[in-house]
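Peer 1: following is a predicted model, sequence given first.
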Amino acid sequence: MSHDLEQLILPTGTTLDRFIMRHQAHFPFATGELSQLLRDIALASKIVNREINRAGLANLSGAMGGQNVQGEDQQKLDAIANVRFIRALINGGEVCAIVSEEEEKVIDTGNWHGKYIVAIDPLDGSSNIDVNVAVGTIFSVYRRKTLIGTKPEMQDIMQKGTDQVAAGYILYGSSTMLVYTTGHGVNGFTYEPSLGEYYLSHPNILTPTMGKIYSCNEGSYNEFSPAVRKYVDYCRESGYSGRYIGSFVADFHRNLFKGGIYIYPSTSKAPNGKLRLLYECNPLAMLVEQAGGDATNGRQRILTIEPTDLHQRTPLFIGSEQMVSKAIRYIESETAAVQ
Ligand SMILES: O=P(O)(O)OC[C@H]1O[C@](O)(COP(=O)(O)O)[C@@H](O)[C@@H]1O
Ligand SMILES: [Mg+2]
Ligand SMILES: [Mg+2]
C-alpha cells in the first residue's frame, strides 16, 4: 500500500487521551486530575456534538422559552449543553466550582477535594444554532487558591486570565474539533464520530503574525468609536476580506489558522462590548497568545484584567499580532488627540 494511500485511510494518529497522558510529563508534580478534567470536557463535547447534529430531528432547535442571566433568549441547545458539561464536570470529581454563561451564580459542585475551577460558555454562537452554522463551546480552567477540602470561595473564581492552567474550545463545524492549551503551545484534535475518538490533527498551532481578514459586526459600525471606525476603514482600504460568522469560536478559529483580527468593541449600545471576560475572552486570549497572537480590550492585555463580576463583559480585539497592534495604535492616537 502506498504511503500516500495509507495516510488517506484511517487516522491512526495520537488520540486525545494518549496526547494528554504524554503531555502530563510537562508537569513533574502532576497527579492526573487536570488530565481527567480535560477528558471529562471531551466526553461531554461528544454528547453535545451528537445533540447538535440531530437538533433538527429531535426537536432540539428553537428557544427554551426563558431568558438567561444575560437577558438573552436561552436556546434549547444552550440549556442542554449547559447541563451536559456541568454534569460531566461534577461526575468527574476534579472541579470544586463552575461558572457558566447559563448560570447566574457560581455552581458549588460539592467536590471540595476538587483542585480546579472551570468557567464555561457551553454553547457559543447561539444565534446560529437553528440555521446550521458552526457553533462552539469555550472553557477556561484555574487551580483553586483556597485549601483543598474546604468550601470554594470567590477568590478561587475571580482570578486573572494569566492564572489559567488550561483553556480551549470545541468547534462544532463541518468537522468537530477540540483545540486547547495548558500553557505549552496549542494543539488541535479532530473528532472521528465512527470511532468516538478525538485524533491529533493540528499539532503546535501558530497563528500568522499578519493576516488579511477582519471580523466584526459591521451592522454596528455607526456605534463604534471614531478610532475603531477608522481602523475598520483602514482594513477595507487595505483590501482585507470582511468575514463574520457571528459565532465567536468559529470566527476565532478561522483567523487563528489564516491570520486575521476579530473585533467586538464597545458600542454606544454596549459600552463594555458584548463578550464575557471569564468564559469567552480569557480562554481565547490564552490560546491566541500561546499561538503567537495578541488579545486586548484596546488599552490593556485581556489576560491582566482583574475580574470583578462573574458575567462582566469587555471590548475585544484578538488575533494576529501585527493587526492587533495596528488597532491599538488607532485607539491610542484617539486618546492622545483627546488629551
Ligand atoms: O450578533 P452580534 O452582536 O454580532 O454578536 C455575535 C457574538 O455573540 C455571541 O453569539 C455571544 O456568545 P453566545 O452565543 O455564547 O451568547 C458570539 O459567539 C458572537 O461572536
Ligand atoms: Mg459565547
Ligand atoms: Mg453561549
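Peer 2: Thanks, I have the structure now. Ligands and ions are numbered 1, 2, ... in the order given.

Peer 1: ligand 3 contacts on this protein?
Peer 2: Proximity of the chain to ligand 3, by Cβ under 5 Å from the ion, involves residues E101, D121, L123, D124. Where you see a C-beta, it was placed from the backbone N, CA and C, and this is true even at glycine.

Peer 1: and those residues, which is closest to A167?
Peer 2: Of all the residues of the chain next to ligand 3, D121 has the smallest distance to A167: 11.6 Å, by Cβ to Cβ.

Peer 1: verify the stated contact: the closest one with I138.
Peer 2: Yes: look at D121 against I138 with Cβ atoms under 8 Å: they come within range, at 4.2 Å.

Peer 1: so who does the residue of the stretch 51-200 of the chain found nearest ligand 2 touch?
Peer 2: Nearest to ligand 2 in the stretch 51-200 of the chain, going by Cβ to the ion, is D124, at a distance of 3.4 Å. By Cβ atoms under 8 Å, 6 or more residues apart in numbering, the contact set of D124 is V135, G136, T137, I138, Y169, S247, F248, V249, E280.

Peer 1: could you list which of those residues belong to strands?
Peer 2: V135, G136, T137, I138, Y169 (DSSP state E).

Peer 1: export those residues to TSV and tack on neighbour count?
Peer 2: Below are the ones in strands among the contacts of D124 laid out as TSV (neighbours: other Cβ atoms under 10 Å):
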residue	neighbour count
V135	28
G136	27
T137	27
I138	29
Y169	26
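
Peer 1: closest one of the residues you listed to N91?
Peer 2: Closest to N91, out of all of these and judged by Cβ to Cβ, is T137, at 17.2 Å.

Peer 1: and whichever helix in the chain runs longest, what's buried?
Peer 2: Secondary structure of the chain per DSSP state H: the longest helix is helix 33-53. By 16 or more other Cβ atoms under 10 Å, the buried positions in helix 33-53 come out as 33-35, 37-46, 48-49, 51-52.

Peer 1: now do stretch 132-150
Peer 2: A134, V135, G136, T137, I138, F139, S140, V141, Y142, R143, R144.

Peer 1: give me the mean pLDDT for it.
Peer 2: Per-residue pLDDT over stretch 132-150 has a mean of 97.

Peer 1: kindly report the same for stretch 178-188.
Peer 2: So the average pLDDT for stretch 178-188 ends up being 96.

Peer 1: what about it, how long is it end to end?
Peer 2: 6 Å (Cα to Cα, to the nearest Å).

Peer 1: swap in stretch 140-160?
Peer 2: Using Cα to Cα, the distance between the terminal residues of stretch 140-160 is 11 Å.

Peer 1: list the buried residues for stretch 317-325?
Peer 2: F317, I318, G319, S320, E321, Q322, M323, V324.

Peer 1: count the residues that sit near V131.
Peer 2: 8 (other Cβ atoms under 10 Å).

Peer 1: contacting residues for A134?
Peer 2: G125, N128, L171, Y172, G173, S174, I245, S247, V249, A250 are the contacts of A134 under Cβ under 8 Å, 6+ apart.

Peer 1: so is stretch 79-99 next to ligand 1?
Peer 2: No: taking Cβ under 6 Å from any ligand atom as the criterion, stretch 79-99 and ligand 1 are apart, separated by no less than 9.9 Å.

Peer 1: now that stretch: buried residues?
Peer 2: 79-82, 84-86, 88-90, 92-99.

Peer 1: kindly report the same for stretch 204-219.
Peer 2: I205, T207, P208, G211, K212, I213, Y214, S215, C216.

Peer 1: what comes into contact with it?
Peer 2: Stretch 204-219 is contacted from outside by 179, 185-188, 232, 235, 238-246, 251, 254-265, 288, 291-293, 319-323, using Cβ under 8 Å, 6+ apart.
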